[in-house]
Structures are given as C-alpha cells and as structure tokens.
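>>> Output the structure for:
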Amino acid sequence: MPKNLVIVESPAKAKTLEKFLGEDFLVKACGGHVRDLPDKRLGVNIEHGFKPTYVLIKGKVKIIKTLEDAAKKAKLVFLAPDPDREGEAIAWHLAHILGGGEKVKRIEFNEITKRAVEDGVKHPRKIDLKRVNAQQARRILDRLVGYKLSPLLWKKVRKGLSAGRVQSVAVRLICERERAIEAFKPVEYWTITASLTKTDEAGSFPAKLILKHNKKISIHNETEANNILAQLEPAEFKVSSVTKKEKKRNPAPPFITSTLQQEASRKLGFSAKKTMMIAQRLYEGVELPEEGYVGLITYMRTDSFRIAKQAQSEARSYIEEQYGSKYIPHEPRFYRKKKQAQDAHEAIRPTSVWKTPERIKGSLTPDQFKLYSLIWNRFVATQMASAILDMTSVDISAGDYTFRATGSMIKFDGFITLYVESVDEKQAKAKVKVEHEEGRILPELFEGDLLKKLAITPEQHFTEPPPRFTEASLVKELEQRGIGRPSTYAPILSTVQERGYVEREGKAFMPTELGKTINDLLVKHFPTVMDFKFTAHMEDDLDDIVAGKMGWVETLEEFYDPFKKNLDQAEVKMEKIKKEIKTEKKCPKCGKHLVIRSGRFGDFLACSSYPRCKYTESLRKEEEKKYAGEVCDKCGKPMVLKHSRYGDFLACSGYPKCKFTKSILKKIGVKCPRCGGDIVERRSKRRRIFYSCSNYPKCKFSLWDKPVDEKCPKCGELLVIKKLKGKMVKNCSNKKCDFLEEI
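Purely as a prediction, here's the structure:
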C-alpha cells in the first residue's frame, strides 16, 4: 500500500515528524531552498514584469531525484517547510518540481508536537501565492540592488565589493553613530550629594541636590559647586515632605525574534546567528530519553506576542503548583500586538511548560540548555503576578536648596522571583540609579524632622557620547525603524561583517574605512535606496502583498523606477575613488613611471604602462623591513608582508608553490600565566578581538577581555579591563573570583 510523503526542510525535523506520524508516512528532507535565481547573471527580465528565471541550486540534483521518485509512489504529498514566507516559497518550488496537482498539499504547524503535527495533516491547504509573491518580491529587490550596484562599485572603487538593499542601510546606521561619537564634545557638570542621619544611632543615607528656589538646578563647573557648598555650610537640613507610594512592576512580554536575539546577546553573549541556529534545533526537535524526538519551542521567526489559551492555562497551573496561588494574576495576561507586526505565529514559548530546563538538561548541549532556559523562564514569568514595591521619596530643604532621598523595598517579588529582563548599555546607565534605590531602606522620617549633616560631597562628571551599536542594540534599532523582519536580522548582522564594512571591538560594531567610503558614496548617489523611511516602507509593501493589498510587480516597479534613475546618474556623476597617483619612481623593468593604484587588498605601486608591463611593488617597504629574517616554516624561503581585507599577515615568498601563511602577532606587554609566553591580540573568525598565548596550540590560555600586567589581590589570577554598567573596571579573569575595582 503506498505511503503518504511528507517533505520538510531539515533531517532533524524529519526525525521528529516520523515519530509522530507512524508507518503510513514517509518523511524526507529537502535541505532548504531547492531553486533560486542563477548565480552568475541577473536572472530577472525587467522589461517583462520582472519575470524571474529559477534554476536548481547546485548540489540539490540528487535530493530532487530522491524526492521525485518518492512522490511518484506516494498516495499524497504533504509539503511541510517552515510556516513563514521562505517556507511557503520552498513549498511552491517543490510543488513546481514535483508536478503539483491535487495530490500535492501544503501543511504547516507553529510547534512540532504530536497534537500540532496531526492537526496540520488533518487540515491541509493550498499554497498561499500571496506569501510566495512577497518572498519573490524581496528576493528580486535584493538581486536588483546587488547586481546593479556592485558593478558600479567595482568601477568606481575596486573589484570584489558588493552592496545590499537592507544591509547597506544597517551599515549607514553604524557609520552615522560612529560619526556622532567622533563629533561629540563632552560637557562638564557637577552633582552634590549630602550624607545625612536622623540621629547619631541611626544609619546614614544619601540625598542628592535637585532644586534651587524650587527650580531644577544645573551645576556647570567647580566654581559653581564650591559656591553652593559655601552657602550650604550654615544651612539647616529639614524634612519638607515625605511621599510613600506602592509601585507595580509588570513582566516583559514573551519573546519574539528580535527580543530573543537581544536578550541572548546581553545575557548569554550569543550572536544573532548563533541564537537562531540553536533555536531552530530546539524547534525542530531534540531527542528525549522516554519520548524520542520532540520539538521544545514554538516557531522562532515571529513578531507576535500572541499566546495560545492552552499554553496560558498550562503556565498558570505550573505557577500555582510551584509558587502558590498568590503568584497568579486574576486573569491570564495578554500583550498588545506591535503596530507593524504580521501576527502570523505565536510568540516564542516552550511547547510544554512541564518540560522544565532542569528536567531535560541531560538531553541538551550546554548552549541549547542556556537558550531553552531563557525562553522557558521568560514565558512562565509573563503569566506571573506583578511585583510590588514600596517607594519612598523624601524632600529635604537646606536654605534655598532642596535635596531628595529615595528608597524602595520589594513588598512582593511576583514574577521577578523567576526572571528579570536585561537592558542595553544606554538603559543600563539609567538603571544604575534604580538598582541603588531598590533595597535601600530609609529611616522613618516625618515632615519637620531635623537631620544631621555628616558630609557634603561634590562630584565632577562629563556627558558621554552615544554608545556604539552592539548586536542587541542594532537589532532593536532596526526593529524600531521597521527595517527588516524576523527572518532577516541575523543575516544582516552576519553580512555586514563578512563584507568587511563593519568590524567588532568587544561587543561593539565599528565601521571600517571601506565601510565609511562605500556608505558615503551610496548615501550621496542613492538617497532613496539608503533612506531609512523608504526601506521601512518597502517592508510594509511586502506585508501588503501578503495581505492582498498590493501586487508584487507593482511593488517592484515602485522601487525600480527611482533606483534606475539614480543608477544612470551615478554612472556619470559618482567620483572615482580608485587611486592612480604618478610618482617619481621608475619601473625597473621598462623605465616608465610607477603610479599608486588601489587594489582589493590596499594601495600598491604599478607600472604606468600596464597591461604591457605588469610590474608591481609594495608601498610598505618600511613595514616589511620589520619582518626581515622571518622565514617560511615549511620551505625556508623569506616571508613577505601581505594585506587582506582582514588585515596584515605574513606569507611565503615562494607562493603559489608554497602557500604557507602566518598571522602577525600584536603583543600587549603581558605574560601568559600558564607558560610564560607573550599574550597577543588576535581576531576570531567573526572578527571579534580576543587575547591568547603566543604559544598556541601548545598553550590554549585565552581571554575575551584585555588583560593587564596585574595580579588579582584575592586569588592571584590576571586582571582584565572591561566595561560594566557604563564604567571601566578591573575584574579578575577567574570566573570563580568576585574581585572588582573601578578604574
């Protein structure tokens, strides 16, 4: 008897579905997209309604043959790629290859559980062409920008460069933030804090100067601060008002794609790409001892806060059992959907709240456990009661001035017993004050109480520039501006780094000189493509295609007409950045002048009679002298200094016969505590700076934070410099040691 064929994207998902569907079903994996636009040509007929030409992706021929053979024998064919636009497009391409017809059905499920999968098979549907057309429109938009802009950059700057519709806008954000930092001029300001007590026996508490003559006070320099101190010297400190109130703190909403990426970056140090890879595996299924392959979370590409009633009910039951009825709100919590949300899928949550992280820890890798714990804790916390804080604010008069002391106490911990949302660097600075207040208990004070002054401390500050973007804050910025969608954030962040336009220093993004140059050219000559609002508008248009409000060809025409106009103008007006500067040096081969040219790996000297004479010479003879005497470890020939988009390196002069290369190690003046070698600065594959022993791989000592030549006074390990809550600190490199000292 013929079986039903189910086609999914990944083998892991196939294993999970096989367990749920039984012997009447055969489950095969297609490995993602099977057809795409051709690699080496545009593949879009612009004059005939942007008609795309699709070809089989290289390496998929064998998979397609297997699927075709299985489909011929099958009773029904169920196409079950992921439930988003990309998944819909994959299903459409598969249907086209397999012949379509009534035999081929589309099924989808938001979670890979037995109930959801069986329900999906019972309710097949036709392929949603609106979703397919939205995906087609996005793919063609990106192809038009890439294949039209890149050759222009090759002509005007250098070969090998590329541009992207959304990625270029992300680079613009990073460049503009960097220029804002460079242009920033710090402004001096002062604060004055009084240390006060009610009686000699009572403890002291701080109060900050906030008003003069009941108006907000600003202290600009030391002279002003000293004048105020002189006026406060004889002043009597007296309580003028006491305000007590109860404050509720509500839990953050459940995770959507962007907030999961942000929180995983801040709390776990995961990149957006890593977060999505791990989440995909948790969604597709992990093998549990008694249950086999089971999907642990709902679909991870979503912008909706919606939660199924069954999941809410399950969470409330768990909370009551584990924490008691006072931790359950009277009604289940619902979260308002965001303005631009497609709301196609539920929020990211565990498929069963009873599969607690600790219960299934043995079946997960360490990274899977960390991410699953984050998702599980966040979801359960969303259905818990609010935390209640007792807030106290005391205003204290001192002559013409008013000081304020604040304190708070947690009256009921509610959801924060399980989970507290982290914040980005900008929010962290504002939160420092709140964290100091929480848990600070003020003495019992009443209006008219006289207070004893113990000390008055002036403190100098300077305003700080806006922080550089991190992965978390860049995703947040993109989302707030409506640029990109859940499936695009991780690829955007990866692409801008891989192209060499952006690099990371610690967690922060910095534009490279190449990134700044390309950004300036694109902003000047393609203002529409690089406009934040226009890019967000295009995303809205893609959503309108799905909703049936707009045609996909109409969307492409709206974009392409102004783009083509800009392209034609840029061909003529865009300045040539390629350098070709005549020098006094003569070519040793033909006697012609040498000129400075710009190549893929930087500037170099070349003969002006090229291509007749192909003599070239490095511009960096002085730098190369530093490495005189370095010989190849393989063949013994001299090593020479080379340059790539990833930086300088040493290569064998016998290339291409010998392809040995060696990185240039930048010493930082600190010795390895394990073997006594030099600690050197290196870069990871993702261009992140780290520090390790020069004797690697014999010695594998390494640190992410920059070490200093000082030992921890507590345990004797190396100290490192890092930024914590907006302040530079010295911290022990030993994770078990709590030594911390502000610089």
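
>>> The nearest residue in space to Lys370 that is not next to it in sequence: what's it in contact with?
Using CB to CB, 6 or more residues apart in numbering and skipping residues adjacent in sequence, the residue nearest Lys370 is Leu268, 5.3 Å away. All C-beta spots, glycine's among them, are computed from the backbone N, C-alpha and C. Neighbour list for Leu268: 275, 370-371, 374 [criterion: CB atoms under 8 Å, 6 or more residues apart in numbering].

>>> likewise Lys736?
Cys715.

>>> That one sits in which helix or strand?
Secondary structure assignment for Lys736, by DSSP states H and E: no helix or strand.

>>> from now on call the first residue 15
I'll keep to 15 as the first residue from here, and by that count the last item is Lys750.

>>> Could you report the distance from it to Cys726?
11 Å (CB to CB, to the nearest Å).

>>> now for the contacts of Leu282, which pair is the farthest apart?
Thr289 and Lys384 (10.2 Å; CB to CB).

>>> Can you pick out the residue with more neighbours from those two?
Each of Thr289 and Lys384 has its neighbours counted (other CB atoms under 10 Å); Thr289 has more, 25 against 17.

>>> Can you verify the more buried one is assigned to a helix?
Yes. Under DSSP: H, G, I helix; E, B strand; the rest coil, Thr289 falls within a helix.

>>> Surely it and Gln382 touch.
No. In this structure Thr289 lies outside contact range of Gln382 using CB atoms under 8 Å: 11.3 Å.

>>> can you list the domains in this protein?
Split into domains by automatic domain parsing, the chain comes to 18-141, 154-198+519-587, 202-264+401-476, 271-396, 594-677, 681-756.

>>> Can I get these in CSV including mean pLDDT and distance to Ala486?
As requested, the domains of the chain are exported to CSV (pLDDT from 0 to 100; distance: least, CB to CB, whole Å):
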stretch, mean pLDDT, distance to Ala486
domain 18-141, 93, 23
domain 154-198+519-587, 90, 8
domain 202-264+401-476, 87, 6
domain 271-396, 92, 4
domain 594-677, 77, 25
domain 681-756, 86, 14
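
>>> Including distance to Phe483, could those go into a markdown table?
Compiled in a markdown table, the domains of the chain are given as follows (distance: least, CB to CB, whole Å):
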| stretch | distance to Phe483 |
| --- | --- |
| domain 18-141 | 26 |
| domain 154-198+519-587 | 5 |
| domain 202-264+401-476 | 10 |
| domain 271-396 | 11 |
| domain 594-677 | 21 |
| domain 681-756 | 14 |
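
>>> Ok, which of the ones you listed comes nearest Arg495?
domain 154-198+519-587 (5.4 Å).

>>> re the thing from before, and the contacts of Leu282, which of them are in helices?
If you go by DSSP state H, the contacts of Leu282 have 289, 384-385, 388 in helices.

>>> Pick out whichever of those sits closest to Trp204.
Closest to Trp204 out of those is Leu388 (40.9 Å), distances taken as CB to CB.

>>> how close does that closest one get to Val543?
Counting by CB to CB - Leu388 and Val543 are separated by 36 Å.

>>> just to revisit the earlier point, which of the ones in helices among the contacts of Leu282 sits closest to Val300?
Nearest member of these to Val300, counting by CB to CB, is Leu385, at 11.6 Å.

>>> now the strands for the stretch 215-364 of the chain?
219-226, 229-230, 251-263, 300-302, 306-308 (DSSP state E, counting those that start in this stretch).

>>> so what strands line up beside the last one?
Put plainly, it is strand 306-308. Applying DSSP bridges, strand 306-308 is found paired with strand 300-302 (antiparallel).
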